[in-house]
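Trainee: sequence unavailable; structure follows:
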């Protein structure tokens, strides 16, 4: 575009501009607009809750790497958080046998703190995902945003596995997408994919 005179058109929508995660990418430099939303915007573009598995098995190494599954998951979540605007709503929930709020859902005004808390998540107990999903659902249902999304990162077969798709379907009914990312060599790929499909999101 800049050197050869080619044309570039970006069309609005939930997968474009800041809401699509293009902030800070080379594409932004080619656009005639900045992707940071002005403070006067009343409705946040994105409300995102990241649900992180911190069960004991997340301490296992990823095959072919010296890094643990938890390290990889935490790094992925941190990268995702860096792509968000300061006016977006962000929350982080961790789960092992219990679900705990790491970062309360709110405006992304202190990304360094949010990233630091996310990177500090460490592996410990069992794997019980349903309470964490229900917590994320309740939080997102209570706020107003143009795009509401839950991203789950997990490595294992959860307690209450048969409930996961049903919870994801309820989220989708309330306009909340759920995407799932399997981490590690022994992940419940089938269950995670079914959950993402039920939640109208994407599986990786």
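Mentor: Received the coordinates, thanks. It should be emphasised that the depicted structure is a prediction, and the values quoted were computed from it without experimental measurement. Numbers count the residues shown, from 1 in each chain.
Trainee: can you give me the strands in the chain?
Mentor: Secondary structure of the chain (DSSP state E): strands at 46-53, 89-95, 99-107, 147-154, 176-182, 200-203.
Trainee: and the helix ranked longest in the chain, what does it pack onto?
Mentor: Secondary structure of the chain read by DSSP state H shows that its longest helix is helix 69-82. Helix 69-82 makes packing contacts with strand 46-53, helix 111-119, strand 147-154 when contacts are defined by 3 or more CB pairs under 8 Å, 6 or more residues apart in numbering; DSSP states H and E. In this view, the C-beta of every residue, glycine as well, is placed from N, C-alpha and C.
Trainee: tilt between it and strand 89-95?
Mentor: Using axes from the mean of the first three to the mean of the last three CA atoms, to 10 degrees, the direction of helix 69-82 lies 170 degrees away from that of strand 89-95.
Trainee: distance from the chain centre to helix 69-82, please.
Mentor: Relative to the chain's own centre, helix 69-82 is displaced by 10 Å; criterion: CA atoms, centre = their mean, to the nearest Å.
Trainee: still on that earlier bit, export the helices and strands packed on helix 69-82 to CSV and tack on mean neighbour count, mean pLDDT and distance to residue 63?
Mentor: Compiled in CSV, the helices and strands packed on helix 69-82 are given as follows (neighbours: other CB atoms under 10 Å; pLDDT from 0 to 100; distance: least, CB to CB, whole Å):
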stretch, mean neighbour count, mean pLDDT, distance to residue 63
strand 46-53, 25, 95, 17
helix 111-119, 16, 94, 22
strand 147-154, 25, 95, 17
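Trainee: how near is the residue nearest the centre of the chain to residue 119?
Mentor: Within the chain, one residue has its C-alpha closest to the average C-alpha position: by CA atoms, centre = their mean, that is residue 151, at 3.4 Å. Taking CB to CB, to the nearest Å as the criterion, residue 151 is separated from residue 119 by 16 Å.
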